[in-house]
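Peer 1: what's the 3D shape of this:
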Amino acid sequence: MIQKLTSAERTAQMARLHGWQTVAERDAIQRKFEFADFNAAFGFMTRVAIKAQEMDHHPEWFNVYNKVDITLSTHEADGVTARDIELASFIDSITA
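Peer 2: A predicted model of the protein is given here:
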């Protein structure tokens, strides 16, 4: 079973990420994105969806027009794990 990160591990891993925040009252991380238009937002979501499917690790997300909010948490571990950090790092790499 996958283990959630300790507080120290999470702090160290979060320092590598760009713009991700912890979620209040939940063991999760979140980032909000804004794109030029719906097409750009949808293209971004498609790239994330392909990676998430490859990882068998799917984000919680919300999209309205050019805005995408993503929350990552590993449900089977009831918190943030290395999988979440890996997916967040991928997301950072395609939005840099």
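
Peer 1: Could I get the full set of strands for the protein?
Peer 2: Along the chain, counting by DSSP state E, strands occupy 21-22, 29-34, 60-64, 67-72.

Peer 1: Out of those strands, which is the most enclosed?
Peer 2: strand 67-72 (a mean of 19; mean count of other C-beta atoms under 10 Å). (Each C-beta comes from the backbone N, C-alpha and C, glycine too.)

Peer 1: what are the pairing partners of that one, and which direction each?
Peer 2: strand 29-34 (antiparallel), strand 60-64 (antiparallel) (DSSP bridges).

Peer 1: what does the first one contact?
Peer 2: In this case it means strand 29-34. 14, 17, 19-23, 41, 44, 66-73, 80, 84, 88, 91, 95 (C-beta atoms under 8 Å, 6 or more residues apart in numbering).

Peer 1: mind putting the strands paired with strand 67-72 in TSV, distance to S7 and mean pLDDT included?
Peer 2: Converted to TSV, those look like this (distance: least, C-beta to C-beta, whole Å; pLDDT from 0 to 100):
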stretch	distance to S7	mean pLDDT
strand 29-34	13	97
strand 60-64	22	97
